[in-house]
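K.L.:
Take a look and give me a structure for this.
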Amino acid sequence: MKIGILNQKGGAGKTTIALHLAHALALKDYQVMLIDADPQGSARDWATAREGNAPFSVVGLDRPIIHKEIGKLAIGYDYVIIDGAPRVSDITRSAILASDLVLIPIQPSPLDIWAAHSVVELISEAQIYQPDLKAAFIINRKIVNTAIGKEVVEVLKDYPYPVLKAALAQRIAFAESLNIGSTVLETSPHSIAASEINAVVEELLNTKK
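P.N.:
All right, here's what the predicted structure looks like:
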């Protein structure tokens, strides 16, 4: 299965989600590849900062040929996670066409909701050629103990794609782990942050069934 993590707005948390999702799936003994399609190369920087080998493959491909190369790249892998570019571009379009499921990270702010419109349009266009393509929103950097997250879910009902029940809160543990080439699944495996990631993965796996 190929999962694209895409949103045109920078700072939406695409790389954080992509790396943690890839690691969580690898810990379940799936063969996982992460394609870094962001010209900034944050996922590749993460792999470089890491001590020892990563628990999944990290490949850089920040050109609009992902949908053409995905067939060859995905051989031998159960999951391919695509960390998308932070703008609507040919790379974004290519990543969407390469995906079976597009996850759209949304922070609980009006700016993020407005920015999502462009990606939703691109997905809708791609579904003309790939009617089986699915998409969903994932709430990221939710502020704990506030009603803002619920309000965002209500607003997103105007879009044609569901919102995952599992959400990720604003937690310093995510940034701290990525800075050393790790994830919270290694640095704090019993933390609330790790449980949030695992909840996202379980929801995705159950949706796939």
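K.L.:
Now for this protein, the helix or strand with the poorest mean pLDDT.
P.N.:
helix 148-156 (a mean of 74; mean pLDDT, DSSP states H and E).
K.L.:
all helices of the chain, in order?
P.N.:
14-27, 42-49, 66-73, 90-98, 110-129, 148-156, 172-179, 184-187, 192-208 (DSSP state H).
K.L.:
how far does the fourth one sit from the chain's center?
P.N.:
In terms of C-alpha atoms, centre = their mean, to the nearest Å, the gap separating the centre of helix 90-98 from the centre of its chain is 14 Å.
K.L.:
quick revisit: most neighbours per residue, which of the helices of the chain?
P.N.:
helix 14-27 (a mean of 25; mean count of other C-beta atoms under 10 Å). Yep, even glycine has a C-beta here, placed from its N, CA and C like the rest.
K.L.:
what about that helix, average pLDDT?
P.N.:
With pLDDT averaged residue by residue, helix 14-27 scores 97.
K.L.:
Could you figure out how far it is turned away from helix 172-179?
P.N.:
On the basis of axes from the mean of the first three to the mean of the last three C-alpha atoms, to 10 degrees, helix 14-27 is oriented at 80 degrees to helix 172-179.
K.L.:
Taking helix 192-208 as reference, get the angle to helix 14-27.
P.N.:
Using the same axes, to 10 degrees, helix 14-27 lies at 70 degrees relative to helix 192-208.
K.L.:
Quick one: list the elements packing against helix 14-27.
P.N.:
Counting contacts by 3 or more C-beta pairs under 8 Å, 6 or more residues apart in numbering; DSSP states H and E, helix 14-27 is packed against strand 2-5, strand 32-36, helix 42-49, strand 79-83, strand 101-106, helix 172-179, helix 184-187, helix 192-208.
K.L.:
looking at these, which is closest to E69?
P.N.:
Nearest to E69 among the helices and strands packed on helix 14-27 is strand 32-36 (8.9 Å), distances taken as C-beta to C-beta.
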